[in-house]
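Chemist: requesting a structural model of the entry that follows:
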Amino acid sequence: MIKSGIEAQINAVKEYASFFDDTLVDSNVPLSCIIYDPYAYFLCTTPEAKELVVNSVKALNNALPTLFEHPIVRNKLQATGLSHVTSADDLIKVFETSSPSYPWNFMACYFTGTPSTADKIFLRTKYIDDVVMENQKTIKQIVVIGAGMDMRALRLEFDQEITVFEVDTPQVIEYKTNMLTKTISKHITPRSKAKNCHVSADLRFAEQWTKQLVASGYDPTKPSFWLAEGLLMYLSEDEIDVLLKTVSSMSAPGSKILIQTVEPIPPATTPEMKMLYMMSAPIGEFRSFTTTPNLYLDRAGFGSDIVLKNYLHLVELYGAPKQNGTSSAFTIGTKPSL
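Modeler: Residues are numbered from 1 along each chain as shown. Next up, the predicted model:
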C-alpha cells in the first residue's frame, strides 16, 4: 500500500511506522481515505486504556456467564488464533502480554465488532475531516462538543487564524490535558497552527457551559462551525433538542453544525443476533435513534442547506469497499441569515 501512495502519504506512514505493529487490523480502505492520526495510537496504549478494555471484558463476562462457551464467541476466538481462550481470565492474560495496541484492536474489530468497524471509522473520520477543513476557509471558530479524545485541533492543518474550542466534562479535559503534556507532546509535533482551547463544562447545564465557552474566547457574534460526533445517540430526544437549541442560541447567522446520529437497529430475531447485540456494549447505551436527523436541525434553527450522508454515500464518495447497512448518518445544517 505504501508503494502506491503519494509522497506525502508515504512520508506520514514512515514517520510513525515505528510506533505500530503487525497486530493492527488490516483495512480495505483506499489510500484516498488514509487519515493522519498518530495520536490515536498513544491514547490506546496508556495504562488507563488497557484497564478500560479489561473492565469491559469482565463486565461482558458478568452479564453473560456462558459467554466463552457460545458458538459465536468460539468462532471469533478460533478465527483470531485464540482457540485456547476459554474464559475472561484467559483473554485478560492475552491482553497483559500483548502489544499495547492489540486489546483495543481485538475488542473493537473482532470480539465486539467486525473488521468492517475499522473501515467505517476511517470513512467517518475522513468525511468529517474534509468537511471541517472545507469550512475553515470561511469560518474561524470551531467548537467540538463532547470532544473526548478528538485530536483534530492538533492533527489537521489549520492556519493560525483558527480557534478550536473543545467542550467536555472536567474529568475528560483533565485526562486529555495530562496525556498531551506528559506523553504525546514529547513524540508528536502538531500540524495545526490553530489556537486550542479546552472548555471544562458539563453539556447538561446550558448556562454553565455557554458561559465557560465565552470566557474561553468564543465570540457568539461571529459564525462558527459546530461538531457533535459520537454524542447525540447517548442523549434522549428531549436532551438533543435542548442541546442543539442552546448551540443555536450561541451561533451567529451563517454558522454550521455537523451531527452524527444512529439509525434504528433491527430487532434481534435470532439467538445469534441477540448475542451479538449483547456483546456490543455501545448499542446498549444508546438512547436515541432516528432516520430523520434533519428534523433535529430544523427545530434548532439550522435548517438551511441540509446535507445528509450515510456510510453508503461515503463509500461512493471515497471509492471504498461496500459496507453492510447505513447505521450512522452525518448531517450538516446552516443557520440562515436574518
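
Chemist: where does pLDDT dip in the stretch 151-300 of the chain?
Modeler: Per-residue confidence for the stretch 151-300 of the chain (pLDDT under 70) gives these ranges: 272-273, 275-276, 279-284.

Chemist: pull the distance from stretch 319-337 to the chain's centre.
Modeler: Taking CA atoms, centre = their mean, to the nearest Å, one finds stretch 319-337 lying 14 Å from the centre of the chain it belongs to.

Chemist: quick one: average confidence on that stretch?
Modeler: Mean pLDDT, stretch 319-337: 84.

Chemist: buried residues of that stretch, list them for me.
Modeler: Residues of stretch 319-337 classed as buried: Ala320, Gln323, Ser328, Ala329, Phe330, Thr331, Ile332, Gly333, Thr334, Lys335 (neighbour count, 16 or more other CB atoms under 10 Å). (Glycine included, C-beta is placed from N, CA and C.)

Chemist: my read: Ser83 touches Leu77, true?
Modeler: Yes. If you go by CB atoms under 8 Å, Ser83 and Leu77 touch, sitting 5.8 Å apart.

Chemist: and these two? Which one has more around it.
Modeler: Shown here are Ser83 and Leu77; by other CB atoms under 10 Å, Leu77 has more neighbours (20 against 11).

Chemist: any idea which element the more buried one lies in?
Modeler: Using DSSP states H and E, Leu77 maps to helix 71-79.

Chemist: could I get the average pLDDT for that helix?
Modeler: 87.

Chemist: just the C-alphas of that helix, formatted as PDB.
Modeler: Provided in PDB are the C-alpha atoms of helix 71-79 (Å, rounded to 0.1, in the frame of the first residue of the first chain):
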ATOM      1  CA  PRO A  71     -20.600 -20.700  19.300                       C
ATOM      2  CA  ILE A  72     -20.300 -17.200  18.000                       C
ATOM      3  CA  VAL A  73     -17.600 -16.300  20.500                       C
ATOM      4  CA  ARG A  74     -15.800 -19.600  19.900                       C
ATOM      5  CA  ASN A  75     -15.800 -18.900  16.200                       C
ATOM      6  CA  LYS A  76     -14.400 -15.400  16.800                       C
ATOM      7  CA  LEU A  77     -11.600 -16.700  19.000                       C
ATOM      8  CA  GLN A  78     -10.800 -19.500  16.600                       C
ATOM      9  CA  ALA A  79     -10.600 -17.000  13.700                       C
END
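
Chemist: in terms of secondary structure, what does the next helix or strand after that helix contact?
Modeler: Going down the chain from helix 71-79, the next helix or strand is helix 88-97, by DSSP H and E. In terms of contacts (3 or more CB pairs under 8 Å, 6 or more residues apart in numbering; DSSP states H and E), helix 88-97 is packed against helix 47-63, helix 102-106.
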